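> What follows is a predicted structure for the sequence shown.
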Amino acid sequence: MMNTPGGFLGRVGAGRWLACLLLVLAGLLPGPAVARPLSREYDVKAAFLYNFAMFIDWPKEAFAGPDSPFVIGVLGTDPFGSSLEETVAGERVKGRPIVIRRFSEAAGAQGCHLVFISASEHRRVKELLRVLRRPTLVTVADMPGFVEAGGLIGFVTDTRVGIRINAAALRESKVLISSKLLRLAQVAGMETSPP
Amino acid sequence: MMTGPVSSFPRRFAAAAALLAALCLPPGLRADDTRTPDTGLLTPQALKRMTVEELLAQPVTSMSRRPEAWSDTAGNLFLIRGQSTFTTGAQTLPDLLRLAPDLFVAQKSSSEWGINARGFMRSNSASNKLLVMIDGRTVYSPLFSNVFWESTSTFLPDLERIEVITGPAGSTWGSNAVNGVINIQSKSARETVGGLAQAYVGTDTDSFAVRQGVNLGSNGALRVYVQGADHQPTLSSTGADDDYDAWHSTQWGFRGDWGRTTTGDFTLQGDMFNAHYRKNPELVNDAFNLLARWSRDFTPDSQLWIRAYHDFSRTELTGSNREITHSGDLEFQHRLKLTDDQELLWGADYRLQEDSISNTAGFTIQPADVYFGLVSVFAQHELSLARDQLRLTTGLRLEENHYSGWEYMPSVRLAWPGPERLVWLAASRAVRIPSRFDADYYAPETPPYSLVAGGPDFKAEVVYAYELGWRAQPTSSISLTATAYYHDYRDLRSLEPSGPAILPITIGNGVAGRSHGVEAFADWDVTSWWRLRAGGFVMHQETWLTAGGGDLERGLGEVSFPGYQAQLRNTLRIGNKVTFWASLRHVAEVPVYENGQYGRVPAYTELDATLTWAARANLDFSLSGRNLLDAAHPEIGAFADQRQVRRSVEAGVRFKY
């Protein structure tokens, strides 16, 4: 027979040598020791949502009572998995517990303070924004053109996550965004008059 | 015995590799609880402690570029996620594909599997109607119309996901996507920075896998990996341990990703594979591939990608046949949002193939050396109607092949999205194009070819398919899907006798058929720590000889498919560290047909289970049992070819650094 066990082990020997070499080289290269650790896109977006809850002031009328929870909604197919829950676990917004709700229709946003509209709804985003236009609701999404379509806060994703804020929508709204957040975000439509 | 020293190598290797890996670790590189043990990524807990400035500077990996959600697709799509690999103890792609309830996965021998959807498999496990791709590179052999699963391998720890689409998808994916498509995608190198070492030992498969990933500048990354596996033989049809089909494989490769989507994102990847199957005669396969892909988002409404690859494979049956193939492929796709309501996806593909076969025993493929091209262009248009109440997708692909010339593959899909549900309808035509096995097959090996005289007039096999699908998410913890289909097959492969003398046989298209069935799946998150899933299919197929056809197999050549299959899966998280996964599957009896004889593989019920324990953030252990309900059972194969797959137990360890 052509291939003796010796022949096969010969190949394995070569493979082992190569693997060792790769490992040693990998150890020498500027590797994870100096690199910034990466994150999942939606883990970062969940952290942003949590920050929005912290850096935006909602008027009292947005809450039923002093102990009512702060409600974050996800409209459409949920891209966060468990990361939103993991982010808000054990946290409070000005003493209020945080509740997360998921729904597929605009009606589900009743009682929400912050709603993330999933990219799955990109086809009907204009219609959704019409229905969701409430002065105490902050709309957030990461689909292209969301801020232009009238959404309040848009995520811009490349190798990092950026935020854009719609100035016109903000003027119509009764929430107050902290100047710190405004300073760090791109503010769209400062010049244009409200529709 | 030869297997002694050979079978112990992965164990020794894995131990050595893990030790070496640990020694190579620079100090200060140990994982901590701010990183996800799975990926080395920062955890949500770490991220929420960051300031807004830090968050804005935080590099991210993008999960998927196409925003279309699973629930949005007007077709039967099932996703298998990469993280399922360790939880289920899967060591091969077919192990993992058993998670798709619509697929029939049958292990024929230690190294061979038959995998298909919606019927039409040969009793030797060949399935010519299912297209399979890894990162866009086709692994369906266009020269033999089959997927050789034993040499279809990827580095499973870095698997992103597998999309399983049942039903024809020729207009999007091209020829041979007749009964379905399996699309295997590996993770971007940006998601695999860091080291991983994994090893399994067990009664059936010993394997090791080592990967090292590093960052390249601020927005690039590279990984290299090596893996090997050693598989024990199955039992003969009578249950004897004849040591026939033990095999081992080694593979190494790399993937680099750099750039950014707005200015150009580049991927370069490659794999080298070597495997020795069966002794006596020994079968050896060496394969190599290199793939490059460039993509760019010109605007959010205009995205382009270009992909090129080269694929080489050499298969040798010692003392008998040898085949060498080269494929070169160049493809691009452009997605363009035309208006608020319309989207266009279009592209073209050119593939050049070279195949060289040296023939010795029994049969011959003539001409021995061929060189041919495959050209295809396609366009798909998506239109929202009635204020987004309906979505109409129409597509057409035109493809030219060496044997049957131009083929057309149209499809029309209509989706009706609604609150918490989606209903869709589809009609499509797909083709299985001729291969060398259809057109160039002669026997005996020297002229005159008095037994088989090729398939000079062989045409493409055609399916017309009609589908109706329903998908619903009545509550946030339950999702349901159901798909009903009717397939009408024309011009199926047949063995035609030449007059009353019968011989020589020619290969023709004298069989037609139809199939219909239902595929269903339910997913229920009972609590945050307990998940139940159930799924399966029922399928009925018939075939008959067309007028003038005299198929010597009586149209029964592709009869080997169960009438139904059902599975129930359970995932239970016990505390933060332990996960118990179990899958119970029942497969109805599978008819087999060979050389005029009709038989069956008996129905069976099997249980697979895996217990995983996250001992530390970067160290996991697992214990798996496969086929636990029987000492051994056959899944496919005719008569003496019906090898028995044994119960097996495997222990695994995975270390990340």
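That came in fine, so what should we check first? Only a predicted model underlies this, so the values are computations on that prediction, with no experimental measurement involved. Numbers count the residues shown, from 1 in each chain, chains lettered A, B, ... in the order given.

> So which residues of chain A form helices?
Along chain A, the stretches classed as helices by DSSP state H are A:5-28, A:41-55, A:83-88, A:125-132, A:167-172, A:179-184.

> how long is stretch B:381-399 end to end?
18 Å (Cα to Cα, to the nearest Å).

> what does that stretch contact?
Here stretch B:381-399 makes contact (Cβ atoms under 8 Å, 6 or more residues apart in numbering or on different chains) with A:123-124, A:127, B:74, B:170-172, B:174-175, B:340-345, B:374-380, B:406-417, B:433. Backbone N, C-alpha and C define where each C-beta goes, glycine included.

> Go ahead and build a PyMOL selection from the buried members of these.
Those of the contacts of stretch B:381-399 that count as buried under 16 or more other Cβ atoms under 10 Å in any protein chain shown are selected in PyMOL with:
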select buried, (chain A and resi 123+124) or (chain B and resi 74+170+171+172+174+175+343+345+374+376+378+379+380+407+409+411+413+414+415+416+417+433)
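
> any low-confidence regions in chain A?
Within chain A, the stretches with pLDDT under 70 are A:1-38, A:158-159, A:188-195.

> By proximity to chain B, which residue of it wins?
A:Pro144 (3.0 Å; Cβ to the nearest Cβ).

> surely that residue meets B:Asp301?
Yes: the criterion here is Cβ atoms under 8 Å, and A:Pro144 meets it with B:Asp301 at 7.1 Å.

> okay, which residue is most central for chain A?
A:Lys45 (2.0 Å; Cα atoms, centre = their mean).

> Which residues are in contact with it?
Applying Cβ under 8 Å, 6+ apart to A:Lys45 gives the contacts A:79-80, A:116, A:142, A:155, A:161.

> Please list which of these are also close to chain B.
Under the cut-off given by Cβ under 8 Å from any Cβ of the partner chain, chain B has A:79, A:161 from the contacts of A:Lys45 close to it.

> out of the contacts of A:Lys45, which are inside strands?
Cross-referencing the contacts of A:Lys45 against strands under DSSP state E gives A:116, A:155, A:161.

> how close does the residue nearest to the last one when sequence neighbours are not counted sit to B:Thr166?
This means A:Val161. The shortest distance from A:Val161 to any non-neighbouring residue, by Cβ to Cβ, 6 or more residues apart in numbering or on different chains, is to A:Val44 (5.0 Å). Separation of A:Val44 from B:Thr166 (Cβ to Cβ, to the nearest Å): 35 Å.

> Please, where are all the helices along the stretch 301-450 of chain B?
For the stretch 301-450 of chain B, applying DSSP state H, counting those that start in this stretch gives helices covering B:436-439.

> hmm, the helix or strand where B:Val210 lies in reach of chain A?
Secondary structure assigned from DSSP states H and E places B:Val210 in strand B:205-216. Yes: contact of strand B:205-216 with chain A (Cβ under 8 Å from any Cβ) involves B:210, B:212-215.

> So for the helix or strand that that strand is followed by, what gets flagged as buried?
Sequence-wise, the next helix or strand downstream of strand B:205-216 (DSSP H and E) is strand B:220-231. For strand B:220-231, a neighbour-count test (16+ other Cβ under 10 Å) marks B:220-231 as buried.

> Return the item of the residues you listed having minimum pLDDT.
When the buried residues of strand B:220-231 are compared by pLDDT, B:Gly220 scores lowest at 83.

> Give me the nearest residue to that one, chain neighbours excluded.
Nearest residue to B:Gly220, sequence neighbours excluded (Cβ to Cβ, 6+ apart): B:Trp258, at 2.8 Å.

> Angles on the backbone of the one you found, please.
phi -150, psi 170 (degrees, to the nearest 10).

> neighbouring contacts of stretch B:619-634?
B:37, B:86, B:88-89, B:95, B:202, B:204, B:234-235, B:237, B:239, B:601-602, B:604-615, B:642-656.

> Quick one: mean pLDDT over that stretch.
96.

> same deal with stretch B:395-408?
pLDDT averaged over stretch B:395-408 gives 96.

> List the buried residues in that stretch.
Buried-residue list, stretch B:395-408, by 16+ other Cβ under 10 Å: B:395-399, B:401-404, B:407.

> start to end distance for that stretch?
11 Å.

> what's the offset of it from the middle of its chain?
24 Å (Cα atoms, centre = their mean, to the nearest Å).

> now do stretch B:125-142
Mean C-alpha position of stretch B:125-142 versus that of the full chain (Cα atoms, centre = their mean) differs by 7 Å.

> Show me which residues of it are buried.
Buried residues in stretch B:125-142 (16+ other Cβ under 10 Å): B:125-142.

> Tell me if I'm right that A:His122 and A:Met143 touch.
Yes: using Cβ under 8 Å, A:His122 is in contact with A:Met143, at 4.5 Å.

> domain assignment for chain A?
Domain assignment of chain A by automatic domain parsing yields the ranges A:1-37, A:41-188.

> closest one to B:Arg533 among the ones you listed?
Using Cβ to Cβ as the measure, domain A:41-188 is the one of the domains of chain A that comes nearest B:Arg533, at 16.7 Å.

> Tell me, how many residues neighbour A:Phe70?
Neighbourhood size, A:Phe70 [other Cβ atoms under 10 Å in any protein chain shown]: 22.

> My understanding was that B:Thr612 contacts B:Phe86; is that so?
Yes: look at B:Thr612 against B:Phe86 with Cβ under 8 Å: they come within range, at 6.4 Å.

> Bridge partners for B:Val370, pull those for me.
B:Asp355 (DSSP bridges).

> what's the pLDDT at it?
pLDDT at B:Val370 comes out at 92.

> Isn't it up against B:Glu354?
Yes: contact criterion Cβ under 8 Å: B:Val370 and B:Glu354 qualify, at 7.3 Å.

> can you map out the helices along chain B?
B:3-7, B:9-24, B:44-48, B:52-57, B:84-88, B:93-97, B:170-173, B:436-439.
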